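Novice: 3D model of this:
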Amino acid sequence: MVGTRKHPPELRERAVRLYRESDPKPVLRRLAEQLNVHPEALRTWIRQAEADHGERDDRPTTAMLEENRRLAKENAELRRVNEVLRAASAYFASEIDPTRRRS
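Specialist: Numbering: from 1, shown residues only. Take a look at the predicted model:
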């Protein structure tokens, strides 16, 4: 479950764009103060943008993270379905052959 985000996506995009388009690069702490965000939040946004643009290999891209979340949800749902099928199979097996116990 994803909680509510503290900063709107527009602010994130603007902050990253300001940092990337500046020459020389501004001090993160000062830029964060100007934008009224925590310096570590700004640093995280910049690193993620660099990963999304293929400039970093040490973290997954946003698309990969979203795909992983989707697959994790799908995997959880498939596990629930398998449990239901396993229980139904055991129930019907006991109906067919009540003298034989199956688990």
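Novice: hey, let's count contacts and neighbours off CA atoms from now on
Specialist: Noted.
Novice: how is this protein carved up into domains?
Specialist: Under the assignment automatic domain parsing, the domains of the chain span 7-59, 60-103.
Novice: now do the first one, average pLDDT.
Specialist: This points to domain 7-59. Here domain 7-59 scores 93 as its mean pLDDT.
Novice: scan this structure for its longest helix.
Specialist: helix 62-96 (DSSP state H).
Novice: so who does Glu66 touch?
Specialist: Contacts for Glu66 (Cα atoms under 8 Å, 6 or more residues apart in numbering) come out as none.
Novice: how far away is it from Glu40?
Specialist: Distance, Glu66 to Glu40, by Cα to Cα, to the nearest Å: 22 Å.
Novice: mind checking the SS state of Pro60?
Specialist: coil (DSSP: H, G, I helix; E, B strand; the rest coil).
Novice: I'd say it and Ala49 touch.
Specialist: No: with contact defined as Cα atoms under 8 Å, Pro60 and Ala49 do not form a contacting pair (10.5 Å).
Novice: please identify the most buried of the domains of the chain.
Specialist: Of all the domains of the chain, domain 7-59 has the most neighbours on average by mean count of other Cα atoms under 10 Å, namely a mean of 14.
Novice: so how far does that one reach from one end to the other?
Specialist: End-to-end span of domain 7-59 (Cα to Cα): 22 Å.
Novice: chain center to that domain: distance?
Specialist: 19 Å (Cα atoms, centre = their mean, to the nearest Å).
Novice: kindly report the same for stretch 69-85.
Specialist: Worked out by Cα atoms, centre = their mean, stretch 69-85 lies 17 Å from the chain centre.
Novice: go on, stretch 81-101?
Specialist: Centroid displacement of stretch 81-101 relative to its chain, using Cα atoms, centre = their mean, is 37 Å.
Novice: what score does Asp97 have for pLDDT?
Specialist: pLDDT, Asp97: 73.
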